[in-house]
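Chemist: Let's see this in three dimensions:
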Amino acid sequence: MRRLIGWTAGVVGIAALARMLARRQVRRRGAPGVAPAVDDNAEALRRKLDETRAADASRAEETPAAVEPEPAPPQESLEDRRARVHAKAQEAIESMKEPLG
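Modeler: Next up is the predicted model:
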């Protein structure tokens, strides 16, 4: 009796797996004779993005190339930065040493 139940459960499981795989293949390929669904909003956004890129490219051509970028702010020296970080770390260590009570 146990063997019969085991075989029946195995056959039912294999049939369910075959059915699931068949459905998955139909979804991937699409049903025959049915055009794949196209999201109209996505297509409209793609067109708008292409138009914006084209407009930006035309504006870039119109702007003069003689515009100079702002100079970068002066960076602190490595030694100054190390000293600042060290002082900050020392402050943190001292604040941890203080009694909580």
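Chemist: contact partners of stretch 48-58?
Modeler: Applying C-beta atoms under 8 Å, 6 or more residues apart in numbering, stretch 48-58 has no contact partners. Backbone N, C-alpha and C define where each C-beta goes, glycine included.
Chemist: Please tell me how far that stretch is from the chain's geometric centre.
Modeler: 24 Å (C-alpha atoms, centre = their mean, to the nearest Å).
Chemist: Which parts of that stretch count as buried, going by neighbours?
Modeler: Using 16 or more other C-beta atoms under 10 Å as the burial criterion, none of the residues of stretch 48-58 qualify.
Chemist: Alpha carbons only: can I get the host helix or strand of residue 54 in CSV?
Modeler: Taking DSSP states H and E as the definition, residue 54 sits inside helix 40-62. C-alpha atoms of helix 40-62 as CSV (Å, rounded to 0.1, in the frame of the first residue of the first chain):
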residue,chain,number,x,y,z
ASP,A,40,2.7,52.7,-24.4
ASN,A,41,3.9,54.8,-21.5
ALA,A,42,7.4,53.3,-21.8
GLU,A,43,7.5,54.0,-25.5
ALA,A,44,6.3,57.6,-25.0
LEU,A,45,9.0,58.1,-22.4
ARG,A,46,11.7,56.8,-24.7
ARG,A,47,10.6,59.2,-27.4
LYS,A,48,10.6,62.1,-25.0
LEU,A,49,14.1,61.1,-23.8
ASP,A,50,15.4,61.0,-27.4
GLU,A,51,13.9,64.4,-28.1
THR,A,52,15.5,65.9,-24.9
ARG,A,53,18.9,64.5,-25.8
ALA,A,54,18.6,65.9,-29.3
ALA,A,55,17.6,69.3,-27.8
ASP,A,56,20.5,69.2,-25.3
ALA,A,57,23.0,68.4,-28.1
SER,A,58,21.8,71.3,-30.2
ARG,A,59,22.1,73.7,-27.2
ALA,A,60,25.6,72.5,-26.6
GLU,A,61,26.5,73.4,-30.2
GLU,A,62,25.0,76.9,-29.7
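Chemist: I'd like the average pLDDT over it.
Modeler: The average pLDDT within helix 40-62 is 85.
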